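Peer 1: My questions concern the predicted model and sequence given below.
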Amino acid sequence: MVIVHTIEALYEAKKAVVGSVGFVPTMGALHQGHLSLIQQARRENEILIVSIFVNPTQFLEGEDLDAYPRKDEADIQICTLAKVDILFMPSIEAMYEKDELCIGAPAIGGYILEGAKRAGHFDGMLQIVMKLLNLSGAKRAYFGKKDAQQLVLVMQMVKHYFMEVEIVPCEIVRDSLGLALSSRNIYLNEDEKKRALSLSKALKSATKMVMAGELESETIKKEMRLVLAQTDTIEYVAIVNRAFKPLESVEIGNTIILVAGQVGLPRLIDNIWI
Ligand code: AMP
């Protein structure tokens, strides 16, 4: 595995490899969720590039940019074992100039739910993903369904900007009790971890209701809110279609049910695709 920190070194490393590139962008503090993307990309491509970059433009004022977990040494080991070919770990200076041209997330998909709570987050996310996709020259890039809104916006960007990369959606990886893995879970103590399970439990109870024939969004959300009472704050419970348009009733095969809430320090998000 070659580790590169600059754009020049990345281009140099890419010259030395031949074949179709699979790419997995991450912010590091890698866990089994990231690893599942990396392993799938390894299986499906000749060359595998992973990036680790905590992107400042997607953090809002007052968010945890400085406190975001960083585990470079462990991440390098994980990537080595996963047979990554090129690990790209750029500095902020390598990625950004001053006063740059920006990409804006669309008004509806980019400023509801996560985008309402974190206004501007998706502009910064799309900006860095565009840069990383262009730099990697990937044929395929892998994104987790865990960040459903991010995934849908990246797919829209690739379509609207006629980019040639294929975006591959990957399943959510959970711990044995159902908690969706996240780099921020390290902030949860034992009691908070138990209460954090209410997110996945709420999604399970929604799935059960749908399987039993209940399709009305309001009825399902009401039941989910009861389960979510164990969180400190429920931020949203939403039932949308795959383009993030709110649905009055579940459309099987075209629905995402999402929850977000605060338990202890971290904001947690989870969802299920139905
Ligand atoms: P992050 O480092 O949080 O920016 O995540 C990098 C990629 O890993 C994103 O595409 C995430 O959606 C994905 N990811 C994070 N957690 C999980 C998980 N538990 N299961 C599947 N993918 C995940």
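Peer 2: That came through, no problem.
Peer 1: Any residues of this protein in contact with the ligand? List them.
Peer 2: Residues of the chain lying close to the ligand (CB under 6 Å from any ligand atom) are 26-27, 33-34, 36-37, 143-144, 146-147, 170, 172-173, 180-183. C-betas here are computed from N, CA, C, even on glycine.
Peer 1: Which of these fall within helices?
Peer 2: Members of these lying in helices (criterion: DSSP state H): 33-34, 36-37.
Peer 1: Let me have these in JSON lines, extended by pLDDT and neighbour count.
Peer 2: Below are these laid out as JSON lines (pLDDT from 0 to 100; neighbours: other CB atoms under 10 Å):
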{"residue": "33", "pLDDT": "98", "neighbour count": "22"}
{"residue": "34", "pLDDT": "98", "neighbour count": "26"}
{"residue": "36", "pLDDT": "98", "neighbour count": "18"}
{"residue": "37", "pLDDT": "98", "neighbour count": "25"}
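Peer 1: Might you report the residue contacts of residue 133?
Peer 2: Applying CB atoms under 8 Å, 6 or more residues apart in numbering, we find residue 133 in contact with 23, 25, 141, 158, 163, 165.
Peer 1: Grab the CA positions of the host helix or strand of it and hand them over as CSV.
Peer 2: Here residue 133, judged by DSSP states H and E, is contained in helix 121-136. Output in CSV follows, covering the C-alpha atoms of helix 121-136 (Å, rounded to 0.1, in the frame of the first residue of the first chain):
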residue,chain,number,x,y,z
HIS,A,121,-23.5,20.7,5.5
PHE,A,122,-24.4,19.1,2.2
ASP,A,123,-22.8,21.9,0.1
GLY,A,124,-19.5,21.2,1.8
MET,A,125,-20.0,17.4,1.5
LEU,A,126,-20.7,17.7,-2.3
GLN,A,127,-17.8,20.0,-2.8
ILE,A,128,-15.3,17.5,-1.2
VAL,A,129,-16.9,14.5,-2.9
MET,A,130,-16.7,16.1,-6.3
LYS,A,131,-13.0,16.9,-5.7
LEU,A,132,-12.2,13.4,-4.4
LEU,A,133,-14.1,11.6,-7.2
ASN,A,134,-12.3,13.7,-9.8
LEU,A,135,-8.9,13.0,-8.2
SER,A,136,-9.5,9.3,-7.8
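Peer 1: my read: residue 170 touches residue 40, true?
Peer 2: Yes: with contact defined as CB atoms under 8 Å, residue 170 reaches residue 40; the gap is 6.0 Å.
Peer 1: Identify the contacts common to the two.
Peer 2: In contact with both residue 170 and residue 40: residue 142, using CB under 8 Å, 6+ apart.
Peer 1: which of the two has more neighbours?
Peer 2: residue 170 (20 against 17; other CB atoms under 10 Å).
Peer 1: wait, which of the contacts of residue 133 is closest to residue 108?
Peer 2: Of all the contacts of residue 133, residue 158 has the smallest distance to residue 108: 17.9 Å, by CB to CB.
Peer 1: May I see the buried residues of the helix or strand bottoming out on mean pLDDT in the chain?
Peer 2: The weakest-scoring helix or strand in the chain, judged by mean pLDDT, DSSP states H and E, is helix 107-110 (a mean of 84). Across helix 107-110, burial judged by 16 or more other CB atoms under 10 Å covers 109-110.
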